[in-house]
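1. I would like to see how this sequence folds:
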Amino acid sequence: MTIYVIAQVATDNGISVKLTDIIMIAAVFLGPLFAVLITLWWQERKEKQAAKINLFLTLMAYRKSLVPAADWARTLNLIDVVFAQHKTIVPLWHEYYNYLQNPEKSQAQDHKYLQLLSEIGRALGYRIEQVDIDKFFEPGVHKNSIQLQTSIQLELLKVLQGTEHFLVKTRTPIAPPTELPSPPAAGLPKAE
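-> Residues are numbered from 1 along each chain as shown. Have a look, this model is predicted:
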């Protein structure tokens, strides 16, 4: 419509307008507009893909952690939003969510989680098998540290609740020496 108006004004003023002129004017106005629209579309697509990959990598990183991390829980809660268009992932997430409502962990719950991770990986183009997802490395020192922290927290809780007491032993203080020997001065000859 805008191009037609420009051509009509030019014709009314006695200026001859060729088809190539109209195409050139259209390209000047529409080219940058299309470039911006394509750039915005591409950025949105890239951000959505990055969110999906970040979600998947977070779930993979915490998949067998002894103590569930807050990031893991937040990430699970984002599946409905990030993968809303995926007809297989969202139902798997809802099934896994139902398992999470039971405090007792089961083999079926673990299997459903593996299915969920496998389906997310497949949707993102990763070629990873459930057997590989099930493998997880955690150094023994982490496990021992977590067990020690849990034990300390439980004992401290008993004290704070008043069901246990700190055991305090008194000891007689060791008297400091009355006179400290002075060190020999460095570089001075010894007195004879």
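2. isn't residue 71 right up against residue 58?
-> Yes: using CB atoms under 8 Å, residue 71 makes contact with residue 58 at a distance of 5.7 Å. Glycine gets a C-beta too; all of them are placed from N, C-alpha and C.
3. Could you check which of the two has the larger neighbour count?
-> residue 58 (17 against 12; other CB atoms under 10 Å).
4. ok, now which ones touch that one?
-> When contacts are counted by CB atoms under 8 Å, 6 or more residues apart in numbering, residue 58 touches 71, 72, 75.
5. could you redo the last one with a cut-off of 10 Å?
-> The neighbours of residue 58, taking CB atoms under 10 Å, 6 or more residues apart in numbering as the test, are 69, 71, 72, 74, 75, 76, 78.
6. Buried ones among the residues you listed?
-> Buried members of the contacts of residue 58, counted by 16 or more other CB atoms under 10 Å: 72, 75, 76, 78.
7. In helices, which of the residues you listed fall?
-> 72, 75, 76, 78 (DSSP state H).
8. From residue 51, how far off is the second one?
-> Using CB to CB, to the nearest Å, we find residue 75 at a distance of 10 Å from residue 51.
9. Equivalent analysis for the third one, please.
-> Computed as CB to CB, the residue 76 to residue 51 distance reads 14 Å.
10. Where does the residue nearest the centre of the chain fall, secondary structure wise?
-> By CA atoms, centre = their mean, the chain has its centre lying nearest to residue 58, at 4.6 Å. Here residue 58 sits within helix 19-61, counting by DSSP states H and E.
11. so how far is that helix off the chain centroid?
-> Between the centre of helix 19-61 and the centre of its chain there are 25 Å (CA atoms, centre = their mean, to the nearest Å).
12. And the strands in this structure?
-> For the chain, no strands are identified by DSSP state E.
13. how much space is there between the residue nearest to the centre of the chain and residue 115?
-> Between residue 58 and residue 115 the computed distance is 18 Å (CB to CB).
14. all helices of the chain, in order?
-> Ranges of helices in the chain, per DSSP H, are 2-12, 19-61, 70-82, 89-100, 107-123, 130-134, 140-161.
15. quick one: average confidence on the longest one?
-> So the one you mean is helix 19-61. When pLDDT is averaged over helix 19-61, the result is 87.
16. With distance to residue 168 as added columns, please give the helices of the chain in CSV.
-> Putting the helices of the chain into CSV (distance: least, CB to CB, whole Å) gives the following:
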stretch, distance to residue 168
helix 2-12, 88
helix 19-61, 43
helix 70-82, 36
helix 89-100, 43
helix 107-123, 45
helix 130-134, 49
helix 140-161, 12
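17. who wins for proximity to residue 176 among these?
-> Closest approach to residue 176 among those is made by helix 140-161 (33.0 Å; CB to CB).
18. pLDDT on the closest one, on average?
-> In the prediction, helix 140-161 has an average pLDDT of 75.
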